[in-house]
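Enquirer: what follows is a protein structure lacking sequence information:
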């Protein structure tokens, strides 16, 4: 059984819901998801530190990076984590791990592709192997389940219209389904890459 | 009166409709649009050539670049035009012209941001000044006119679901409106940049 | 006389030296540069705040954004500033200001283009007009002055080999020259855009 | 033994030399490289077609995409190949193959990162798994062998100063070494991904 870590920041809660949906897909594929949430409290004078999170990332078979798209890029809090993780980069500690990415914002395009391009660039610096999304936009086949409804490939995207009424964050059912399938996809890639087949119950 | 050229490729016709809508906005702002369509017929052994188009671009006050997003980037035919226009680059012929960009594809995100990033990169090589879109996604203000419904800023995007039934290309009314306003926006920028105010009829 | 603000983060000091060189170019063009440095001390629990800097940016005619490239993107501290400046975005306070960008890292390519692409994307969200670099790599003309020696167009780049010996930061003379010319370039664009010609002394 | 295809366009010959160096690395790792060169002659009225190349790509275990960076992006001829390969995309024929990329231009940065970002985006649309470069810039360790001297991670880059004297294309020894190691890197990834270990001679 492989361990797949989702390391992410979430401001309003939508990115957190996407992380949970990916985790659900990982679990349904027989592997072990780990949700590691970056918070502002872990940042002091602009620098992020959390040794426990770094230790768990170091042990994970795959790392799925996630952040809302704020002003066209990853949230500053998530970038603080990334900059701090340059300690792992110097020693190429994450080299050859499977990597993947996800993001969320309030409009359909919303410069989210830029966030995924950045996450892939960052993973490449670490020498990681990048696994993208593989579900074609389901509307192309005349389906209405919303799978990959936004048309994203390098990673997955969620989109939810901003509400200002204080109601709890919620994500579209199509985006949740996309995220669950993505969790399964990443798990299958980790199996193949790591030769960690799931034992089939007799 | 300034001349604003739209140079673009269009396969199925959607990008052409967007170019026409931008032209309509340019015209309503009192300036002169010029539609210059790149076609496969202008390409021989992989190389594009059309001296008349190059001459008109050289005289234009602004150039708006447009292409459908095919496989995550500009259409090959449009890239053939861009590569051939390196002749203008060597002598920095387009330097200090206003530049802008637009694209279209069949899904909401669909890697269209990558196309706009590329068009801006290319314009920067020419020493052009880049004018983006400025309309906020209108759904944020509770409006349903569809202005910037996809959430694009570096340039504008259109999205139309693929139809395979042979019906003529059509674009969403929101995307047309977005394109018309973008034409006005580019025209206003050219006025300010070039000091070519439109004479007000008495 | 126009005011051109350089807002930037600098860790080791190289990006600060680039900002100073741009400022020098702005000054030599007869305009007023303003150096606004983002620091980790301005960040609390992951959030940046500095009302004085925001006020000066609001009054500037142009904003030149600068950050080292850390792990393939802007420094987290600079992103914290950008995220906080979404307050200016909501009211489109920087709309129609001239924008430009610069970055620095320790290797020639070093994913610095990604940083410039991001800075341009961010400026477009604000409705700003983007002015790139226009100097061709001088080695193409057989010159050795180092102007645009790295070949960057969307903005300018500096590169200095990392030293671990504690010696003060220094930048290449070619990169300094590139930055000074870029300051003049941005100043000329602001003049043209804002109609703020410099009074010629009699 | 796995088959690793390099599919690339080369104008002046530098990208071809890089493809050959990658092939050499693949061979030294005990696998079978295949050099598939895109040419302008394969393009008619802007459309590329070559059924033999498409058949070989379909059978390859991995595809390494290569193009010079022309005007900030892949060469138009290479984009013509990519657009034509949308036939493979519709049926997700390349899904789960290993993918990688390389590019070349005449200046150190030269917007080459944009080309690699594009190649990775395109591979993601095909559902491929992206393997980047993993060699740290060797100058960081005080070495002068030139391995990853430009600092590229998503794929590899070569840079050669333009010569106009008609002398045959040549690439830097550091870039050749970088390419050979990259060929070995891709081969190792294919082994691990495909479980196609090379038989060790007794």
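Expert: Looks like it came in fine. Keep in mind it's a predicted model, so treat the numbers as computed, not measured. Numbering: from 1, shown residues only, chains lettered A, B, ... in the order given.

Enquirer: spell out which parts of chain A neighbour chain C.
Expert: Neighbours of chain C within chain A, by C-beta under 8 Å from any C-beta of the partner chain: A:39-43, A:45-48, A:70-77, A:79-80, A:82-83, A:85-86, A:89, A:111, A:114, A:117-118, A:121-122, A:124-125. Every C-beta, even on glycine, is put in place using the N, C-alpha and C of the backbone.

Enquirer: now, which of these lie within strands?
Expert: Under the assignment DSSP state E, those contribute A:43, A:47, A:48, A:70, A:73, A:74 to strands.

Enquirer: pLDDT wise, what is the nearest residue to residue A:134 once chain neighbours are set aside at?
Expert: Using C-beta to C-beta, 6 or more residues apart in numbering or on different chains and skipping the chain neighbours, the partner closest in space to residue A:134 is residue D:127 (3.9 Å). Per-residue confidence (pLDDT) for residue D:127: 97.

Enquirer: residue D:127 and residue D:95 touch, don't they?
Expert: Yes: taking C-beta atoms under 8 Å as the definition, residue D:127 is a contact partner of residue D:95 at 3.7 Å.

Enquirer: just the terminal-to-terminal distance for stretch A:101-118.
Expert: End-to-end distance of stretch A:101-118 (C-alpha to C-alpha, to the nearest Å): 10 Å.

Enquirer: meant to ask about stretch A:163-182
Expert: Taking C-alpha to C-alpha as the criterion, the two ends of stretch A:163-182 lie 26 Å apart.

Enquirer: centre of the chain to that stretch, how far?
Expert: 14 Å (C-alpha atoms, centre = their mean, to the nearest Å).

Enquirer: going by neighbour count, list what's buried in it.
Expert: By 16 or more other C-beta atoms under 10 Å in any protein chain shown, the buried positions in stretch A:163-182 come out as A:171, A:172, A:174, A:175, A:176, A:177, A:178, A:179, A:180, A:181, A:182.

Enquirer: how about the strands in chain A?
Expert: A:3-9, A:32-38, A:43-44, A:47-48, A:62-70, A:73-74, A:98-105, A:129-131, A:156-159.

Enquirer: coming back round to it: the buried residues of stretch A:163-182 into a markdown table, with extra columns for pLDDT?
Expert: Shown next, in a markdown table, are these (pLDDT from 0 to 100):
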| residue | pLDDT |
| --- | --- |
| A:171 | 96 |
| A:172 | 96 |
| A:174 | 97 |
| A:175 | 98 |
| A:176 | 98 |
| A:177 | 98 |
| A:178 | 98 |
| A:179 | 98 |
| A:180 | 98 |
| A:181 | 98 |
| A:182 | 98 |
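
Enquirer: skipping adjacent residues, who's closest to residue A:82 in space?
Expert: Nearest one to residue A:82, counting by C-beta to C-beta, 6+ apart, is residue C:71 at 5.2 Å.

Enquirer: er, residue A:125 I mean
Expert: That would be residue D:153: by C-beta to C-beta, 6+ apart, it lies 4.6 Å from residue A:125.

Enquirer: what's the neighbour count on that neighbour?
Expert: Burial of residue D:153 is recorded as 29 neighbouring residues (other C-beta atoms under 10 Å in any protein chain shown).

Enquirer: and the pLDDT at residue A:142?
Expert: 84.

Enquirer: repeat for the one 10 residues further on
Expert: On pLDDT, residue A:152 comes in at 97.

Enquirer: I figured it hits residue B:108, correct?
Expert: No: applying C-beta under 8 Å, one finds residue A:152 not in contact with residue B:108, separated by 9.1 Å.

Enquirer: these two - which one has more neighbours?
Expert: Legend: neighbour count by other C-beta under 10 Å for residue A:152 and residue B:108, higher for residue A:152 (30 against 23).

Enquirer: pull the helix or strand with minimum mean pLDDT from chain A.
Expert: strand A:43-44 (a mean of 88; mean pLDDT, DSSP states H and E).

Enquirer: one step back: just among the ones in strands among the residues of chain A next to chain C, which is most surrounded?
Expert: residue A:74 (33 neighbours).

Enquirer: hmm, the longest helix along chain A touching chain D?
Expert: Longest helix in chain A, counting residues (DSSP state H): helix A:173-194. Yes: interface with chain D: helix A:173-194 contributes A:189, A:192, A:193 (C-beta under 8 Å from any C-beta).

Enquirer: quick check: the gap between the first one and residue B:75.
Expert: Residue A:189 sits 31 Å away from residue B:75, taking C-beta to C-beta, to the nearest Å as the criterion.

Enquirer: which one of these two has more residues nearby?
Expert: Comparing residue A:189 with residue B:75 by other C-beta under 10 Å, the one with more neighbours is residue B:75, at 28 against 24.

Enquirer: where does the closest residue to residue A:22 other than its chain neighbours land on pLDDT?
Expert: The spatial neighbour of residue A:22 that comes closest, neighbours along the chain excluded (C-beta to C-beta, 6+ apart), is residue A:183 at 4.0 Å. Per-residue confidence (pLDDT) for residue A:183: 98.

Enquirer: over to residue A:51?
Expert: Predicted confidence (pLDDT) for residue A:51: 96.

Enquirer: how close does it get to chain D?
Expert: If you measure residue A:51 against chain D using C-beta to the nearest C-beta, to the nearest Å, the figure is 24 Å.

Enquirer: just residue A:81 next, same as before
Expert: Applying C-beta to the nearest C-beta to residue A:81 and chain D gives a distance of 19 Å.

Enquirer: which ones are touching that residue?
Expert: A:7, A:9, A:38, A:42, A:48, A:53 (C-beta atoms under 8 Å, 6 or more residues apart in numbering or on different chains).

Enquirer: list the contacts of the nearest residue to the last one once chain neighbours are set aside.
Expert: Nearest residue to residue A:53, sequence neighbours excluded (C-beta to C-beta, 6+ apart): residue A:36, at 5.0 Å. In this structure, residue A:36 makes contact with A:5, A:6, A:7, A:8, A:53, A:56, A:57, judged by C-beta under 8 Å, 6+ apart.

Enquirer: my read: the last one touches residue A:51, true?
Expert: The one in question is residue A:57. No: the criterion here is C-beta under 8 Å, and residue A:57 misses it with residue A:51 at 10.7 Å.

Enquirer: looking at the two, which is more packed in?
Expert: residue A:57 (21 against 7).

Enquirer: show me what contacts the more buried one?
Expert: A:5, A:7, A:36, A:63, A:85, A:88, A:94.

Enquirer: now do it against chain C, distance only.
Expert: 14 Å.

Enquirer: residue A:110 contacts residue B:149, correct?
Expert: No: counting by C-beta under 8 Å, residue A:110 stays clear of residue B:149, with 10.9 Å between them.

Enquirer: okay, these two: which has more neighbours?
Expert: More neighbours surround residue A:110 than the other of residue A:110 and residue B:149, with 27 against 24 (other C-beta under 10 Å).

Enquirer: pull the number of nearby residues for the nearest residue to that one once chain neighbours are set aside.
Expert: The shortest distance from residue A:110 to any non-neighbouring residue, by C-beta to C-beta, 6+ apart, is to residue B:151 (3.8 Å). Neighbour count of residue B:151, defined by other C-beta under 10 Å: 25.

Enquirer: equivalent analysis for residue A:141, please.
Expert: Neighbours of residue A:141 (other C-beta under 10 Å): 9.

Enquirer: same check, this time on residue A:111
Expert: Neighbours of residue A:111 (other C-beta under 10 Å): 27.

Enquirer: now the closest residue to it other than its chain neighbours. Its backbone dihedrals?
Expert: Ranked by C-beta to C-beta, 6+ apart and with sequence neighbours excluded, the top spatial neighbour of residue A:111 is residue A:72, at 4.1 Å. Note on residue A:72: its backbone torsions stand at phi 80, psi 10 [degrees, to the nearest 10].
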